[in-house]
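K.L.:
The sequence isn't on hand, but the structure is:
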């Protein structure tokens, strides 16, 4: 478990991160979304010990200070692939030796080459001979060969086509299953992320929301469209937690005539996506509750929520 409390980071006068309390389960796959410049990369670099000393705000597995060997169990994949000026094979061997792995080099390399559908002839190529996509695959493969405890991935599919993205997904799931590795993935690739997410976070105005950006709205428009009068006016946007929305009219704020446009299952929840007054919302129902209300695509339903579901954003 990585615990983050009262983490603040600014560039000059601009606040990038203001995270009051966030726990990351290092056995799971957590995804992080947010607009360009929202601070996703900065957060990953802080967690990878690349932005100074944040030991007062971040603890890892119950420790505020880690040894160098323990720090090596947290691996960051940069958005821009970084390889040494040498052969692909030597890049792998250097990384493995740096992490004090002294044996089974061939077995580890072959495993990731198989997962990423890479030809072993690439091992003899110089890093400068690789395409951007090959460089991204090799950089990712090097990290996976380490079998680290926790991976921080920054835009891992940025240079990849759909088929390569699917290979990355397969590799991530394989590493989690075989070696109990956890992943914290920041990306704009919503299709890639949705297919992997065991937990979804959204970074907005320096704060972490416990869900993605589906339920983030302009406050004035939201109030006008749904005629909800009692919402505060202090800030510009409103976020509604999908886990705290009910498929009925039992709570104070009610939205009627919402049409179901999509259903998807993740873990024990069914995510119900609806459209109402040209706005798309999403609610999460436990499977038992979903079966009880017997919802289908095309149905019209009412939604309700209360103040506990709301977060007001700058």
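P.N.:
Perfect, thanks for sending it. Source: prediction; values computed, not measured.
K.L.:
buried stuff in stretch 112-131?
P.N.:
With burial defined by 16 or more other CB atoms under 10 Å, the residues of stretch 112-131 counted as buried are 112, 113, 115, 116, 118, 122, 123, 127, 130. C-betas here are computed from N, CA, C, even on glycine.
K.L.:
quick one: the second one and residue 141 touch, right?
P.N.:
It stands for residue 113. Yes: Residue 113 is in contact with residue 141 according to CB atoms under 8 Å; the separation is 6.7 Å.
K.L.:
what's the farthest-apart pair in the buried residues of stretch 112-131?
P.N.:
Greatest spatial distance in these: 115 and 127, 20.1 Å, computed using CB to CB.
K.L.:
Could you find the closest non-adjacent residue to residue 313?
P.N.:
Setting aside the residues directly before and after it, residue 313 is nearest to residue 237 in space (CB to CB, 6 or more residues apart in numbering), at 4.1 Å.
K.L.:
show me what contacts the one you found?
P.N.:
Residue 237 makes contact with 204, 205, 216, 217, 218, 219, 312, 313, 314, according to CB atoms under 8 Å, 6 or more residues apart in numbering.
K.L.:
cutoff 7 Å now
P.N.:
216, 217, 218, 219, 313 (CB atoms under 7 Å, 6 or more residues apart in numbering).
K.L.:
go on, residue 9?
P.N.:
Residues in contact with residue 9, defined by CB under 7 Å, 6+ apart, are 16, 17, 42, 46.
K.L.:
so how far is residue 206 from it?
P.N.:
For residue 9, the distance to residue 206 under the criterion CB to CB, to the nearest Å works out to 8 Å.
K.L.:
Quickly list what's touching both of these two.
P.N.:
16, 17.
K.L.:
sorry, back to before: which residues are common contacts for residue 113 and residue 141?
P.N.:
Overlap between the contact sets of residue 113 and residue 141, as judged by CB under 7 Å, 6+ apart, is nil.
K.L.:
Report pLDDT for the closest residue to residue 25 other than its chain neighbours.
P.N.:
The spatial neighbour of residue 25 that comes closest, neighbours along the chain excluded (CB to CB, 6+ apart), is residue 1 at 6.2 Å. We have a pLDDT of 93 for residue 1.
K.L.:
and the nearest residue to residue 123 once chain neighbours are set aside, which of the three is it?
P.N.:
With CB to CB, 6+ apart as the criterion, residue 123 has its nearest non-adjacent residue at 4.1 Å, and that residue is residue 89. Assigned state for residue 89: helix (three-state reduction, DSSP: H, G, I helix; E, B strand; the rest coil).
K.L.:
about what we covered before: tell me the one of the buried residues of stretch 112-131 nearest residue 245?
P.N.:
Closest to residue 245, out of all of the buried residues of stretch 112-131 and judged by CB to CB, is residue 115, at 38.1 Å.
K.L.:
all helices of the protein, in order?
P.N.:
With DSSP state H applied, the chain shows helices at 40-47, 68-71, 88-98, 105-115, 132-145, 162-179, 190-194, 219-226, 287-293, listed in chain order.
K.L.:
That'll do, ta.
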